[in-house]
Each structure stands twice: as C-alpha cells, then as structure tokens.
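**Q** pasting the structure only:
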C-alpha cells in the first residue's frame, strides 16, 4: 500500500518569507514518482514539480525548489520569497505501478501582504 | 488549447437519486482518471481508463459507483441512489498518449456534488 503524509495542515507567512512544505511517503515499490500539485481557490489542480525515485538530485525552478531524500522518504518543497498569489492548498502525491496518484492531505498556505 | 472540462460545475440532488457527471479530457489524451475530494477522505482515486484496456476500478467505494468512457474520449461517472456521504468534489484528469505513471496528469475544474 502507498501512503503520503503532509503533517502541516496550514502555514501562514508574510509576503517575501520562504515557505517549506513537508511530505513523507511510504511505498514498497522501488520505482516510483513524486509530485507536488497546487490547488488555488479556483479549485483546479495545477502540476508544479516531479521527481522519480532514481534521481535524488535536488533542483531549483524559479522560486520553487525541492529536497528529495530517499533515506528519510521525504520530498519537501520550498517556495522562496513567497507572494500573495502563492496562497493555495499544496498536495504532495505518489505514483507507482498502479498509475494512479496517492495524495497527501494537503497543506494550506496563506501568504499575507 | 482547451483543457479538461467537466459538467455540471455544481450539482445538488436529493438522497436516493441517481446522478451523472461528465468529463471531456484534453483531445488526444488516452488516459483518464476520476478522483474524489471530500473533507473527510481528502483526495482519493476512483477509476482509471487507459485506451482500450479494462479500466482500473479499484478505487470505487461501492457498487453504486460506475463509470464508462465512450469512444476513448468522454467519460461519465454515475452514482446511483446517492447518499449524503457522496457529497464531494469529483475531479477528472487526463494524460497524453505514450506517457506513464511518472508523467503529469491534467486536471479539470471538478464537479461539486451536494446530496441533501
């Protein structure tokens, strides 16, 4: 069985602060994929980033960066210099052999001006 | 281009009635998913269609739920004898051909179902 845990239910920051979202996953598959999706108030899930289980290299894409550590089964996501438009619910998700996404419970981020 | 569309955007029904939710995937996308987002259960997988293969129905919560995909395009999720616990947002997603579990799914805006 697969499981994704996002321990933080809500984070509130002031604009320009950095925000780090935690994600811990469980799977018995050796090949798997990890994702972060954003759900703004409009409701539509928007893909942000993806990482496969064989590539632990951490990357930065614009204001987004992620830290994938297989040793701790974690896939944390950071928004640098947050903006009000970053206010949304962020979901970490896992996909393996079954093709379906298993989502964490989501973290609501509120960026105040 | 056009994204995934779903209709209706909102649906209010009475307990015991049947409802049909529609999903139009992105043109040419061969994989189609239904997910459900509810306060109690979070975001959960319901069913997955891939081309002409038998669908993966492992996420359907009961036999009151069914889905079909006609002509490899439009999909309809049917809930029979709706219950109040069926109240949720039903999300549809699609994925291009020659992609797999490591590729992005494109989500629609969802249908908010309220069962009174």
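**A** Good, I have the coordinates. None of these values were measured; they are calculated from a predicted model.
**Q** what about the spatially most central residue of chain B, distance to chain A?
**A** In chain B, the centroid-proximal residue (C-alpha atoms, centre = their mean) is residue B:34; its distance is 2.9 Å. Residue B:34 is 10 Å from chain A, where distance means C-beta to the nearest C-beta, to the nearest Å. (C-beta placed from N, C-alpha, C; glycine too.)
**Q** using the three-state scheme, assign that residue.
**A** For residue B:34, the assignment made with DSSP: H, G, I helix; E, B strand; the rest coil gives strand.
**Q** residues contacting it?
**A** B:23, B:45, B:46, B:47, B:48, B:67, B:75, B:77, B:90, B:91, B:92 (C-beta atoms under 8 Å, 6 or more residues apart in numbering or on different chains).
**Q** can you give me the neighbour number for the second one?
**A** The one in question is residue B:45. Number of residues near residue B:45 (other C-beta atoms under 10 Å in any protein chain shown) recorded here: 20.
**Q** quick one: it is in a strand?
**A** Yes: checked against three-state DSSP, residue B:45 lies within a strand.
**Q** who is it paired with across the strands?
**A** For residue B:45, the beta-bridge partners are residue B:35 (DSSP bridges).
**Q** got it, and the last one?
**A** In this structure, residue B:92 bridges to residue B:34 when assessed by DSSP bridges.
**Q** distance of it relative to residue A:61?
**A** Counting by C-beta to C-beta, to the nearest Å, the gap from residue B:92 to residue A:61 is 27 Å.
**Q** more neighbours: those two, which one.
**A** The neighbour count for residue B:92 versus residue A:61, taken as other C-beta under 10 Å, is higher for residue B:92 (27 against 9).
**Q** which ones are touching that one?
**A** Contacts of residue B:92 (C-beta under 8 Å, 6+ apart): B:4, B:6, B:23, B:25, B:32-35, B:75, B:77, B:107-108, B:110.
**Q** can you tell me which residues contact the closest residue to residue B:88 other than its chain neighbours?
**A** In space, and not counting its chain neighbours, residue B:88 is closest to residue B:38: 3.7 Å by C-beta to C-beta, 6 or more residues apart in numbering or on different chains. Going by C-beta under 8 Å, 6+ apart, residue B:38 touches B:44, B:87, B:88, B:89.
**Q** which of these are buried?
**A** B:44, B:87, B:88, B:89 (16 or more other C-beta atoms under 10 Å in any protein chain shown).
**Q** okay, among these, which ones form the most distant pair?
**A** B:44 and B:87 (14.0 Å; C-beta to C-beta).
**Q** what does chain B put close to chain A?
**A** B:31, B:33, B:35, B:42-45, B:48, B:50, B:56, B:58-59, B:89, B:91, B:93, B:100-110 (C-beta under 8 Å from any C-beta of the partner chain).
**Q** could you pull out the strands for the chain?
**A** Using chain A. A:3-5, A:10-14, A:19-21, A:24-26, A:33-39, A:46-52, A:59-61, A:64-69, A:74-79, A:88-95, A:101-103, A:107-112 (DSSP state E).
**Q** if you could check chain B rather than the one you did, that'd help
**A** Going by DSSP E, chain B shows strands at B:5-7, B:10-13, B:19-24, B:31-38, B:42-50, B:65-69, B:75-79, B:88-95, B:106-107, B:111-115.
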